[in-house]
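[1] Next comes the sequence, and after it the predicted model I'd like to discuss.
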Amino acid sequence: MPPDLAFSMIPNALFRRYRMAGVNWLAACGLKAPHHGITVTNGSSDAMTAAFMSVAPPGSAMAAEDLTHPMVKPLCGYLGIDLEPVPADAEGILPSALEALAARKRLRAIFLQPSAAGPRGTVMSAPRRRAVAAIARRYDLAVIENDVLGPLVENRPPPVAAFAPERTLYMTDLSKNTIPGLRCGYLVAPDRYAATVANRYLAANWIATPVMAEIASRWIVDGTAIELVNWQRLALKRRRAIAEKALAGIACTMTPGALHAWIPLPDGTNEAAFVDRARHRGVAVAAGSTFRSGREASAPAIRVGLAASSEIELSASLAVIAAMLRGENKMRREATTVENG
């Protein structure tokens with residue numbers, strides 16, 4: 001192990017090499033970024049904290065989809081940021097709703113997950129990304145773009161950062177698309193925010209772990225990282241096939257490249273009770289309310305991870321979920337028959 005790696009505890013020239021590797025990884029994500037605007041991070045969670053602190057001071061307002069990253073709401077609460085939910089459709093956040101909100105309320109930023117990383121797994125089209133970028137420019141909003149899946153999502157449009165590079169803080173990492181234990185990522189900031197982001201990351205996290213950054217850099221340069229991405233794609237295709245078979249006839253969303261499935265529950269289902277019953281049957285699922293950015297209740301749903309267990313365990317767990325869902329649907333039909341009869 002190089003001495004400068006083993007004994008490094010302060011940001012120094014060592015990180016310049018890691019930032020250069022980051023340039024290559026960001027290119028694989030569809031983003032051309034100068035190395036001087038890159039902060040090496042321990043993953044997207046650290047990057048989100050630094051980004052929020054950099055563009056939204058306490059007392060300011062930030063917009064996000066009505067269902068978003070589970071860390072957004074508590075993080076805004078900790079930092080004193082007013083979180084404003086915005087409706088979304090099959091492509092993500094609705095530009096008309098975002099513009100209406102920006103016109104009546106002084107927003108500082110918008111948080112986006114446009115490439116299958118959000119709870120619904122939606123992928124925003126290029127025209128929608130341009131429209132959101134135009135609104136951000138018109139109302140001088142900072143855009144915080146979380147692209148944790150990076151190159152894992154094939155045939156996607158360029159990041160929003162490519163349409164509004166002067167105002168977008170873009171983050172990605174390697175743990176979701178190579179191996180979970182590789183906690184290393186990159187936060188790209190435009191010149192107007194670069195110094196602030198670097199200082200906020202320093203204050204909140206000090207530095208990224210050099211050993212992790214070294215491994216990530218070597219794997220990016222020698223091609224190992226992309227090989228792992230390709231392996232993940234194949235593994236996810238097999239798992240989606242397993243899920244499609246197990247959930248046949250059940251409405252759900254499984255976006256290619258996404259690590260989860262989003263399953264609406266039958267109307268009237270008690271979401272918390274459903275999650276609790278699944279847990280007692282040995283299956284852990286996330287309640288849809290976990291991802292709610294506003295205070296209003298949303299339609300009951302669950303998010304089911306496709307990558308956290310073996311394929312055999314996944315198949316068995318999905319069979320339990322499918323049986324529970326079909327049972328809920330049967331009870332609703334019987335209840336409706338009684339009411340009408």
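    Looks like it arrived, so ask away.

[2] can you give me the helices in the stretch 201-341 of the chain?
    Residue ranges of the helices in the stretch 201-341 of the chain, as given by DSSP state H, counting those that start in this stretch, are 210-222, 224-246, 271-280, 311-340.

[3] who's in contact with the residue nearest the centre of the chain?
    What sits nearest the mean C-alpha location of the chain, by Cα atoms, centre = their mean, is residue 117, with 3.7 Å. Contact partners of residue 117, counting by Cβ atoms under 8 Å, 6 or more residues apart in numbering, are 69, 146, 147, 148, 149, 176, 258. In short, each C-beta sits where N, CA and C put it, glycine included.

[4] For the first one, give me its contacts.
    It refers to residue 69. 48, 111, 113, 117, 118, 146, 291.

[5] nearest to residue 214, of the residues you listed?
    residue 48 (23.5 Å; Cβ to Cβ).

[6] Sticking with that closest one, tell me its helix or strand.
    For residue 48, the host element (DSSP states H and E) is helix 44-55.

[7] For that helix, enumerate the helices and strands it packs against.
    Applying 3 or more Cβ pairs under 8 Å, 6 or more residues apart in numbering; DSSP states H and E, one finds that helix 44-55 contacts strand 38-41, helix 72-79, strand 107-112, strand 142-146, strand 168-173, strand 185-188, helix 191-205.

[8] Just checking, which helix or strand succeeds it along the chain?
    That would be, after helix 44-55 and using DSSP H and E, strand 61-65.

[9] burial count for residue 203?
    11 (other Cβ atoms under 10 Å).

[10] for residue 65, same thing?
    28.

[11] List the contacts of the closest residue to it other than its chain neighbours.
    In space, not counting the residues next to it along the chain, residue 65 is nearest to residue 88; the distance is 4.5 Å by Cβ to Cβ, 6 or more residues apart in numbering. Contacts for residue 88 were tallied using Cβ under 8 Å, 6+ apart; they are 65, 66, 67, 94, 120, 122.

[12] Looking at the residues you listed, which is nearest residue 137?
    Checking the contacts of residue 88 against residue 137 with Cβ to Cβ, the nearest one is residue 94 at 17.6 Å.

[13] Tell me how far that closest one lies from residue 55.
    22 Å (Cβ to Cβ, to the nearest Å).

[14] Comparing the two, which shows the higher neighbour count?
    Comparing residue 94 with residue 55 by neighbour count (other Cβ under 10 Å), the higher total belongs to residue 55, at 26 against 19.

[15] in terms of contact, does that one touch residue 168 like I think?
    No. Residue 55 lies out of contact with residue 168 (Cβ atoms under 8 Å); the separation is 10.2 Å.

[16] low pLDDT regions in the protein?
    Residue ranges of the chain with pLDDT under 70: 1-14, 328-341.

[17] Find residues that contact each of residue 55 and residue 168.
    By Cβ under 8 Å, 6+ apart, the residues touching both residue 55 and residue 168 are 142, 144.

[18] care to break the chain down by domain?
    Here the domain parsing of the chain from automatic domain parsing is 3-222, 225-340.

[19] out of these, deepest packed?
    domain 3-222 (a mean of 20; mean count of other Cβ atoms under 10 Å).

[20] For residue 38, give me its contacts.
    Shown in contact with residue 38 (Cβ under 8 Å, 6+ apart): 19, 22, 23, 26, 186, 187, 188.

[21] Out of those, the closest to residue 41 would be?
    residue 187 (5.3 Å).

[22] mind checking how far that closest one is from residue 49?
    As judged by Cβ to Cβ, residue 187 and residue 49 stand 10 Å apart.

[23] again with residue 166
    23 Å.

[24] now residue 322
    Computed as Cβ to Cβ, the residue 322 to residue 49 distance reads 38 Å.

[25] got it, and residue 219?
    Residue 219 is 25 Å from residue 49, by Cβ to Cβ.

[26] do the same with residue 249
    Distance of residue 249 to residue 49, given as Cβ to Cβ: 42 Å.

[27] thought residue 141 was touching residue 110?
    Yes. Under the criterion of Cβ under 8 Å, residue 141 makes contact with residue 110 at 5.3 Å.

[28] tell me the phi and psi of the residue nearest to the centre of the chain?
    phi -90, psi -20 (degrees, to the nearest 10).

[29] okay, the helices of the stretch 201-341 of the chain in JSON lines with distance to residue 40 next?
    Below are these laid out as JSON lines (distance: least, Cβ to Cβ, whole Å):
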{"stretch": "helix 210-222", "distance to residue 40": "5"}
{"stretch": "helix 224-246", "distance to residue 40": "15"}
{"stretch": "helix 271-280", "distance to residue 40": "36"}
{"stretch": "helix 311-340", "distance to residue 40": "33"}
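
[30] so which of those helices gets nearest residue 77?
    helix 271-280 (20.8 Å).

[31] Just the C-alphas of that closest one, formatted as CSV.
    Backbone C-alpha positions of helix 271-280 (Å, rounded to 0.1, in the frame of the first residue of the first chain) are rendered in CSV as follows:
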residue,chain,number,x,y,z
GLU,A,271,-50.2,-0.2,4.4
ALA,A,272,-48.5,-0.5,7.8
ALA,A,273,-50.5,-3.7,8.6
PHE,A,274,-49.6,-5.3,5.3
VAL,A,275,-45.9,-4.6,5.9
ASP,A,276,-46.1,-6.0,9.4
ARG,A,277,-47.8,-9.1,8.2
ALA,A,278,-45.1,-9.6,5.5
ARG,A,279,-42.5,-9.2,8.2
HIS,A,280,-44.1,-11.9,10.4
